[in-house]
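**Student:** Mind looking at a prediction? Sequence and model below.
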Amino acid sequence: MTQITRRSILGAMATGAAPLPAVAAPAPVQSPGERLQAAVSAVADILREMNPAHVGVEIQQYSHYVFVGVKTPPKPVEWTGPGFYEVEWKRPNGKLCRPIFWLDHAQYKTVPGYYYRAESRWKGRLETTLKLKPAAIRIVRKMGDEYAAVHETTEKLCKGKGGQRSG
């Protein structure tokens, strides 16, 4: 049996009388809209931190969903052989455009180096041919096989109709 002494009772009372840490005041009550705005801005900050090369933040907020995305510049792709490529280049008027060309390497005949022979197609038919310097363009992506299959099929259809363009 443990004995309860006067000393143990006074010691217990002293620890009970010790000052308690200050309790933080309750946070002001926020509306659901304010809480949602705080959460969206926190997610946007986290995405900016994860993607230091971000171009901008896009936030689309509706009553039933929220989309938060960070725009990052696309990574350039290397030319891997003839095919359809989406390229980025400046037109002579200074406007930036991203057309899809059939690209092929071609060697200069008089000077060392190469250029891209770019063909633009409309409904599978050759429309124009351009010479593009490698330094003047940036290859964004190579189009998939399904893109080439659609253009080959369209080209075959156009040839089957006597080469005439239809509406």
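**Tutor:** Yep, that arrived.

**Student:** Now do the strands in this protein.
**Tutor:** 56-61, 66-71, 83-90, 96-97, 100-107, 114-122, 125-132, 137-142 (DSSP state E).

**Student:** Looking at these, spot the one closest to A39.
**Tutor:** For the strands of the chain, proximity to A39 was assessed by CB to CB; strand 66-71 is nearest, at 8.4 Å. No exception for glycine: its C-beta is placed from N, CA and C like everyone else's.

**Student:** hmm, who's touching that closest one?
**Tutor:** 36, 40, 43-44, 47-48, 50-51, 54-61 (CB atoms under 8 Å, 6 or more residues apart in numbering).

**Student:** if we can go back for a sec, export the strands of the chain to CSV and tack on mean pLDDT, mean neighbour count and distance to V77?
**Tutor:** Shown next, in CSV, are the strands of the chain (pLDDT from 0 to 100; neighbours: other CB atoms under 10 Å; distance: least, CB to CB, whole Å):
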stretch, mean pLDDT, mean neighbour count, distance to V77
strand 56-61, 85, 12, 22
strand 66-71, 85, 14, 18
strand 83-90, 86, 17, 8
strand 96-97, 87, 9, 17
strand 100-107, 86, 16, 11
strand 114-122, 85, 16, 13
strand 125-132, 84, 12, 15
strand 137-142, 87, 17, 5
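
**Student:** what's the most distant pair in the contacts of strand 66-71?
**Tutor:** Most distant of those, by CB to CB, are L36 and V55, 24.8 Å apart.

**Student:** These two: which has the busier surroundings?
**Tutor:** For L36 versus V55, the count of surrounding residues by other CB atoms under 10 Å is larger for L36: 13 against 10.

**Student:** ok, now which ones touch that one?
**Tutor:** Counting by CB under 8 Å, 6+ apart, L36 touches Q61, V66.
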